[in-house]
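Undergrad: model the following, please.
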Amino acid sequence: MKAKADDEKEITLVMAEVNPAETIAGQMDYAFKAKVEELSKGKIKIDLHCSGILGDVDSVMELMLKPNSTIQIHRMSAVNMAMYGCKKSALLSVPFTFSSKEHFWRFANSESGQKILNEPVEAGLGLKGLFYGEEGFRHFFSTKKIESVADFKGLKVRGTNDEAMQGLLKGLKANSIPVNYADLYSALQTGVIDAAEQPIANYLANHFHSVAPYMIFDGHTLGIMETIITTECWDSLTKNQQNILLEAGKYASDFCRKLSQTEEEKVKQQLLKEGATLTDVTDHEPWQKACADVIKKGTSAEPDLYREIINYAKYK
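TA: Just a heads-up that it's a prediction; the model follows:
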């Protein structure tokens, strides 16, 4: 006989977050934590650590991919999932895939979205996707003013080691420089790099505008997040405990969707107030042409699933 909720032992699950608590990612994590603890009546506690206290993405993943990990839950970006061999997740970081946030959320709440959350299990990584979030569209920011695609030629840009970003920077004729996220501020400050890219909420929260005050709203990709749990931990939970995590995940996703929508305008106003220069992009065609090769290459492994994702733009 399965244990009832009231009979279940108290457990604590450790959760890692690289961003500060006040970011969209951090606030989504806290919404998840609060809902899990509420639904479980305190029987499941989420020990959440923000600001990279438990390590950067790579060190957290190194732990989670091993047996008996001391970290059970982690909020990842879709880009990072792709770097660990998740080909379906890689589709989410193909430039200009999502035409709007509404497009993304229709996908996230669909069977196609579930296919991508299930991929780490199917790939044998020892991880399971719980729920989605998004931090807003990602934009480039720099120490020098950028107004067009032409301005990227020769720029030293922080490039993550994934095919989508490497292909995008190659198309823009920029120089890709590997920089750890934790070192990004100092790399901009000392001239190791000229530019990087983040959602605007992270740009403000990490004070990147203090050393790189120019941002161009190119919106090359949406900052999609996947919260994952080790399958070792997941399999140790009762069905009731699993359902609590899934229900809390749905709540956190919805919380994130609403928060992301309202936060961006506030962040823009704060950035302007603090002296940042924000440039709109009125014509995305030159940008799309610049990364045509990486779009073609990035979608070739899963063309049918990519068409499914694109088609959610049409639904209302």
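
Undergrad: the lowest-mean-pLDDT helix or strand in the chain packs against which elements?
TA: Lowest on mean pLDDT, DSSP states H and E among the helices and strands of the chain sits helix 78-83, with a mean of 86. Secondary-structure packing of helix 78-83 (3 or more Cβ pairs under 8 Å, 6 or more residues apart in numbering; DSSP states H and E): helix 87-90, helix 163-171, strand 214-230. No exception for glycine: its C-beta is placed from N, CA and C like everyone else's.

Undergrad: and these, which is most packed in?
TA: Each of the helices and strands packed on helix 78-83 was scored by mean neighbour count; the highest is strand 214-230, a mean of 23, by mean count of other Cβ atoms under 10 Å.

Undergrad: so for the helix or strand following it, what's the average pLDDT?
TA: Counting by DSSP states H and E, the element after strand 214-230 in chain order, helix or strand, is helix 231-236. Helix 231-236 carries an average pLDDT of 97.

Undergrad: pull the residues that contact helix 231-236.
TA: 13, 67-69, 72-73, 121, 126-128, 242 (Cβ atoms under 8 Å, 6 or more residues apart in numbering).

Undergrad: now, those residues that are in helices?
TA: 121, 242 (DSSP state H).

Undergrad: got a PyMOL select line for the buried ones in the contacts of helix 231-236?
TA: Buried members of those can be picked out in PyMOL with the line below, counting by 16 or more other Cβ atoms under 10 Å:
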select buried, resi 13+69+72+73+126+127+128+242
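
Undergrad: sorry, back to before: need the helices and strands packed on helix 78-83 in TSV with distance to residue 286, can you?
TA: TSV is the format used below for the helices and strands packed on helix 78-83 (distance: least, Cβ to Cβ, whole Å):
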stretch	distance to residue 286
helix 87-90	24
helix 163-171	10
strand 214-230	10
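
Undergrad: ok, which of the ones you listed comes nearest residue 100?
TA: Minimum separation from residue 100 across these (Cβ to Cβ) falls at strand 214-230, 9.0 Å.

Undergrad: tell me the gap between stretch 195-204 and the middle of its chain.
TA: Between the centre of stretch 195-204 and the centre of its chain there are 12 Å (Cα atoms, centre = their mean, to the nearest Å).

Undergrad: where does residue 295 fall, secondary structure wise?
TA: Counting by DSSP H and E, residue 295 is part of helix 292-299.

Undergrad: can you list the buried residues in that helix?
TA: Neighbour count says helix 292-299 has 294-295, 298-299 buried, by 16+ other Cβ under 10 Å.

Undergrad: how about the CA coordinates for whatever helix or strand comes next after that helix, as PDB?
TA: Downstream of helix 292-299, the next assigned helix or strand under DSSP H and E is helix 303-311. What follows is helix 303-311, C-alpha atoms only, in PDB (Å, rounded to 0.1, in the frame of the first residue of the first chain):
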ATOM      1  CA  PRO A 303      13.000  18.800 -38.800                       C
ATOM      2  CA  ASP A 304       9.500  17.500 -38.000                       C
ATOM      3  CA  LEU A 305       9.600  18.600 -34.400                       C
ATOM      4  CA  TYR A 306      10.900  22.000 -35.400                       C
ATOM      5  CA  ARG A 307       8.000  22.400 -37.800                       C
ATOM      6  CA  GLU A 308       5.700  21.500 -34.900                       C
ATOM      7  CA  ILE A 309       7.300  24.300 -32.800                       C
ATOM      8  CA  ILE A 310       7.000  26.900 -35.600                       C
ATOM      9  CA  ASN A 311       3.400  26.000 -36.200                       C
END
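
Undergrad: what angle do helix 303-311 and helix 292-299 make?
TA: Relative orientation of helix 303-311 versus helix 292-299 (axes from the mean of the first three to the mean of the last three Cα atoms, to 10 degrees): 110 degrees.

Undergrad: what helices or strands is helix 303-311 leaning on?
TA: Using 3+ Cβ pairs under 8 Å, 6+ apart: helix 303-311 touches helix 111-122.

Undergrad: and the helix it packs on, what does it pack against?
TA: helix 87-90, strand 127-142, strand 214-230, helix 303-311.

Undergrad: pLDDT of it, averaged?
TA: On average, helix 111-122 scores 94.

Undergrad: got the buried residues for it?
TA: Result for helix 111-122 [16+ other Cβ under 10 Å]: buried residues 112-113, 115-117, 119-120.

Undergrad: just stretch 103-110 next, same as before
TA: Buried residues in stretch 103-110 (16+ other Cβ under 10 Å): 103-109.

Undergrad: just those residues: which are in helices?
TA: Those of those lying in helices (DSSP H): 103-108.

Undergrad: so where's the protein uncertain?
TA: Along the chain, the parts satisfying pLDDT under 70 run over 1-6, 315-316.

Undergrad: kindly recompute the last result at 80.
TA: 1-7, 314-316 (pLDDT under 80).

Undergrad: thinking again about what came up before, of all the helices and strands packed on helix 111-122, which one is nearest residue 60?
TA: Of these, the one closest to residue 60 (Cβ to Cβ) turns out to be strand 214-230, at 10.2 Å.
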